[in-house]
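Engineer: Mind looking at a prediction? Sequence and model below.
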Amino acid sequence: MIKHAAQTTRRFAKSILGNDKFYRSEIRCPHLRLGNEHAGFAVNPELLGPTSVIYSFGIGTDISFDLECVRRFSTLIYAFDPTPRSLHWIKIQELPPAIHVYPYGLACRDKASSGFS
């Protein structure tokens with residue numbers, strides 16, 4: 001099991017770096033990493049601008065990616081997170097007008113906020 005995990009990890013690392021002969025990237029594009037280490041994402045900066053809209057799900061207590069998108073590209077952000085901790089945290093933040101937060105989440109089925117069975 002450990003040997004298989006090590007092989008899988010090596011193959012994954014090679015594929016990320018573009019060195020795996022079976023999983024080499026077929027498309028290359030400009031990219032820029034925005035946000036902090038734990039809540040950051042890579043974007044193609046050539047595709048973002050003032051008319052861009054980003055839907056951010058599960059914001060937690062880190063909107064560094066969202067803030068960076070607004071600052072660099074003047075994007076419009078619709079952020080969603082129904083958890084009380086996130087909603088409390090977001091209420092004490094000073095958000096730019098371009099970030100709109102809603103207390104909704106995504107799930108594989110339609111259920112009320114009383115919990116999943």
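Structural biologist: Arrived safely.
Engineer: now what about the host helix or strand of residue 86, what contacts it?
Structural biologist: If you go by DSSP states H and E, residue 86 is part of helix 84-91. With CB atoms under 8 Å, 6 or more residues apart in numbering as the contact definition, helix 84-91 has outside contacts at 59, 60, 61, 63, 79, 81, 101, 103. Bear in mind the C-beta positions are built from the backbone N, C-alpha and C, glycine included.
Engineer: This protein: strands as residue ranges?
Structural biologist: In the chain, the segments counted as strands under DSSP state E are 32-34, 41-43, 53-57, 76-80, 99-102.
Engineer: pull the CA atoms of the third one into CSV?
Structural biologist: The one in question is strand 53-57. The C-alpha trace of strand 53-57 is given here as CSV (Å, rounded to 0.1, in the frame of the first residue of the first chain):
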residue,chain,number,x,y,z
VAL,A,53,-18.1,37.7,-12.7
ILE,A,54,-16.7,35.2,-10.2
TYR,A,55,-18.9,32.9,-8.1
SER,A,56,-17.1,31.9,-5.0
PHE,A,57,-18.6,28.9,-3.0
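Engineer: Skipping adjacent residues, who's closest to residue 32 in space?
Structural biologist: For residue 32, ignoring the flanking residues on the chain, the nearest one in space by CB to CB, 6 or more residues apart in numbering is residue 45 at 4.6 Å.
Engineer: looking at it, that neighbour is touching residue 69, isn't it?
Structural biologist: No - between residue 45 and residue 69 there is no contact under CB atoms under 8 Å: 10.1 Å.
Engineer: And these two? Which one has more around it.
Structural biologist: residue 69 (24 against 14; other CB atoms under 10 Å).
Engineer: ok so, going back, which of the strands of the chain is buried the deepest?
Structural biologist: strand 76-80 (a mean of 18; mean count of other CB atoms under 10 Å).
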